[in-house]
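Participant: would you be able to build a 3D model of this:
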Amino acid sequence: MFETVFAKAEQFLVIGYSFGSLLALEVVKRLEARSLRGKLMLIDGSPLYLQRFASHHLSGFDDEHLQMLILTLVISFIFPTATQDVIKPVMDQPTYSDRVEKLMAVAHDSNSFSEQYARKMMRVLFYRLKVAMNMSTEVKEKIASPLVLVRSAMIVDVEEDYGLSEFTVASLIVKIIDGTHQSMLANPELIEIINKDTL
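Facilitator: Okay, here's the model as predicted:
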């Protein structure tokens, strides 16, 4: 894939948000291995940040408990005032896929996404959380590309640079903007930073 996409490229810009920061770091390593140079921007994500979040909130969870947590969170978003009449039929199903199917039926009128997309997102969320819970933050190979981290002002329980100084030999600029992990995406300052620092 890299050969096809970047055959004529001389420079690159890679942007990763949240879990995508893990993928963005790997993509940059591969591009640099092909002698390409560019920039990396991470938006509220790093291996250390994700690992700390997962270990703080999900420590000791087995697959069953993690799946139940995901379902509980999704139900609380769809039905903020959910009662046991809504929750129990979903949770009483024997497997995660059966619970997801029951949730699709119960939330049919409240789901603004296609059922296929919603099912996929339930699987993806489970696997991403498992990866975050089990990942190593050990740095094996540093990148040579300049790195910009745009992070939320609300996150306080991790180093200011989210531990990213360990992942690069180039410059690292940290920009802090208002908003939570989710709401910062709607902050106009983020768009300004992306346009200013990447073009």
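
Participant: C-alpha only now, for contacts and for neighbours.
Facilitator: OK.

Participant: tell me who's in contact with the closest residue to residue 164 other than its chain neighbours.
Facilitator: Nearest residue to residue 164, sequence neighbours excluded (Cα to Cα, 6 or more residues apart in numbering): residue 46, at 6.7 Å. Contact analysis of residue 46 by Cα atoms under 8 Å, 6 or more residues apart in numbering lists 18, 19, 21, 22, 162, 163, 164.

Participant: now do 10 Å
Facilitator: Each residue near residue 46 by Cα atoms under 10 Å, 6 or more residues apart in numbering is listed here: 16-25, 52, 137, 149, 161-164, 167.

Participant: tell me where the model's unsure across this structure.
Facilitator: 1-8, 54-60, 135-139, 198-199 (pLDDT under 70).

Participant: before we move on, the earlier item: of the contacts of residue 46, which belong to helices?
Facilitator: Those of those mapping onto helices are 20, 21, 22, 23, 24, 25, 52, per DSSP state H.

Participant: the closest residue to the last one other than its chain neighbours: how many residues sit nearby?
Facilitator: Residue nearest to residue 52 in three dimensions, not counting chain neighbours: residue 158, with 7.9 Å by Cα to Cα, 6+ apart. Neighbours of residue 158 under the rule other Cα atoms under 10 Å: 12.

Participant: any chance of the ones in helices among the contacts of residue 46 in TSV, with distance to residue 68 and neighbour count too?
Facilitator: Below are those laid out as TSV (distance: Cα to Cα, whole Å; neighbours: other Cα atoms under 10 Å):
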residue	distance to residue 68	neighbour count
20	24	17
21	26	23
22	25	18
23	27	17
24	29	20
25	31	24
52	21	19
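
Participant: want to throw these into a markdown table with distance to residue 92?
Facilitator: Shown next, in a markdown table, are the ones in helices among the contacts of residue 46 (distance: Cα to Cα, whole Å):
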| residue | distance to residue 92 |
| --- | --- |
| 20 | 33 |
| 21 | 36 |
| 22 | 35 |
| 23 | 36 |
| 24 | 39 |
| 25 | 40 |
| 52 | 31 |
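
Participant: ok, now how distant is residue 114 from residue 108?
Facilitator: 9 Å (Cα to Cα, to the nearest Å).
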